[in-house]
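J.: Test case, fold it:
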Amino acid sequence: LVLGIGKLLKRHWSDSRLLGYLENVRGARGVKPAFAQPIVILLLAGGVGWAVLWAQRPTPFNRSDVAKQTVAAEMTLGETHFTSIDIPLDQQSLDILETDDYLFRHFTAGTGDEVSLLIVFSHDNRKGTHPPEVCFTGSGDQVVGKSHRKLDVVEPGGMVFRELMTQRDTQRDYHLYVYKSGDAYTPSFLSQQWRIFINGLLSRNSAGALIRFSTRVRHEDEAAAKALLAAVVGELMPQIDRKLDLSRGDR
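T.: Numbering: from 1, shown residues only. Below is the predicted model of the structure:
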């Protein structure tokens, strides 16, 4: 190939002595490439087969109760006392998440204020968390606002949450959520998935969680809804951080 290109370009890249030697070895049987040896072919085939089987193996369903132990059933904000009920997720949702470790708690107060807290936890399965936007849209809500909001909780300098406003008919709901992987928090789903993947490769703690706070916008007062949720996050997030310390493996 080199000699042919040299001839085409009229460059003297060859030596007559070399050309004579090549003429003598023309047609001689060469050395078989290393990857063509039978043992190498068998090893490669075995590796490919193992990779296919590993990729198709079902992920074990995560069964634990880490999320349920994160916060108490009642909370008090100033002079307002909240009680709660736990709402079960349907089996289809649990099958999609491949985990039964979740907390879906709905707080209510005599003032009419309502707050929901959803925590989904999985020890080693990235499928355990999904972007809430997907769930809201799939259930018939319309996402009408997206942003980020920084609140002075847990982390030095504050923690950044993803902020959503959803609407169904004339009713609006306000949401704040954040992901956790190891000891890190992020409002980005892709960032969380990447960290879980890297932690798994490095044999670090590959657990992950979604933490979502929601409240109804009453009397079209979005400012009041945002203030209420900021107060709830300030009250509950430190408890969640202590109980859901994935980096130390607390259970």
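J.: Show me the shaky parts of the chain.
T.: Counting by pLDDT under 70, the ranges of the chain that qualify are 13-37, 50-64, 124-128, 203, 205-206, 245-251.
J.: Break down it into its strands, ranges please.
T.: Using DSSP state E, the strands assigned to the chain run over residues 75-77, 80-86, 102-109, 114-122, 142-151, 159-168, 171-181, 184-186, 208-216.
J.: Nearest to Ile96 among the ones you listed would be which one?
T.: Nearest to Ile96 among the strands of the chain is strand 114-122; the distance by Cβ to Cβ comes to 10.7 Å. Placement of C-beta: from N, CA and C, glycine included.
J.: Determine the number of other residues adjacent to the nearest residue to His148 once chain neighbours are set aside.
T.: Take His148 and drop its neighbours on the chain: the residue closest to it by Cβ to Cβ, 6 or more residues apart in numbering is Val160, 5.5 Å away. Around Val160 there are 16 other residues, counting by other Cβ atoms under 10 Å.
J.: got the contact list for Val160?
T.: For Val160, the contact set (Cβ atoms under 8 Å, 6 or more residues apart in numbering) comprises 148-150, 178, 185-187.
J.: Ramachandran coordinates for Ala73?
T.: For Ala73, the backbone dihedrals are phi -80, psi -10 (criterion: degrees, to the nearest 10).
J.: which non-adjacent residue is nearest it?
T.: Ala73 sits nearest to Ser84 (Cβ to Cβ, 6+ apart), 5.2 Å away.
J.: so who does the nearest residue to Phe136 once chain neighbours are set aside touch?
T.: Among residues not flanking Phe136 along the chain, Thr166 sits closest, at 5.1 Å (Cβ to Cβ, 6+ apart). Shown in contact with Thr166 (Cβ under 8 Å, 6+ apart): 136, 141-144, 172-173, 175.
J.: Could you identify which of the residues you listed has the most neighbours?
T.: His175 (24 neighbours).
J.: Quickly list what that one is bridged to.
T.: Note on His175: beta-bridge partners Leu164, Ser214, judged by DSSP bridges.
J.: In contact with it: list those residues for me.
T.: Counted by Cβ under 8 Å, 6+ apart, His175 has contacts 132, 163-166, 212-214.
J.: Kindly recompute the last result at 7 Å.
T.: Listed by Cβ atoms under 7 Å, 6 or more residues apart in numbering, the contact set of His175 reads 132, 164, 166, 212-214.
J.: I'd like to know how far it sits from Arg149.
T.: Separation of His175 from Arg149 (Cβ to Cβ, to the nearest Å) stands at 10 Å.
J.: With Tyr185 instead?
T.: For Tyr185 relative to Arg149 (Cβ to Cβ), the value is 13 Å.
J.: what does Tyr179 give?
T.: Tyr179 is 15 Å from Arg149, by Cβ to Cβ.
J.: quick one: which of the two has more around it?
T.: Higher neighbour count among Tyr179 and Arg149: Tyr179, with 25 against 16, using other Cβ under 10 Å.
J.: helices or strands next to the longest helix seen in the chain in the packing?
T.: Ranked by number of residues, the top helix in the chain under DSSP state H is helix 222-243. Packing partners of helix 222-243 (3 or more Cβ pairs under 7 Å, 6 or more residues apart in numbering; DSSP states H and E): strand 75-77, strand 114-122, strand 142-151, strand 171-181, strand 208-216.
J.: In TSV, list those along with distance to Leu97.
T.: Output for the helices and strands packed on helix 222-243, formatted as TSV (distance: least, Cβ to Cβ, whole Å):
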stretch	distance to Leu97
strand 75-77	26
strand 114-122	6
strand 142-151	20
strand 171-181	14
strand 208-216	9
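J.: what's the closest of the ones you listed to Val66?
T.: Proximity to Val66, assessed across those by Cβ to Cβ, is greatest for strand 114-122 (4.9 Å).
J.: pull the CA atoms of the closest one into CSV?
T.: Output of strand 114-122 as CSV, limited to C-alpha atoms (Å, rounded to 0.1, in the frame of the first residue of the first chain):
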residue,chain,number,x,y,z
GLU,A,114,-51.5,20.5,52.9
VAL,A,115,-48.0,19.1,52.2
SER,A,116,-46.9,15.9,50.6
LEU,A,117,-43.5,14.2,51.0
LEU,A,118,-42.3,11.5,48.7
ILE,A,119,-39.1,9.7,49.2
VAL,A,120,-38.0,6.8,46.9
PHE,A,121,-34.9,4.9,47.9
SER,A,122,-32.9,2.1,46.3
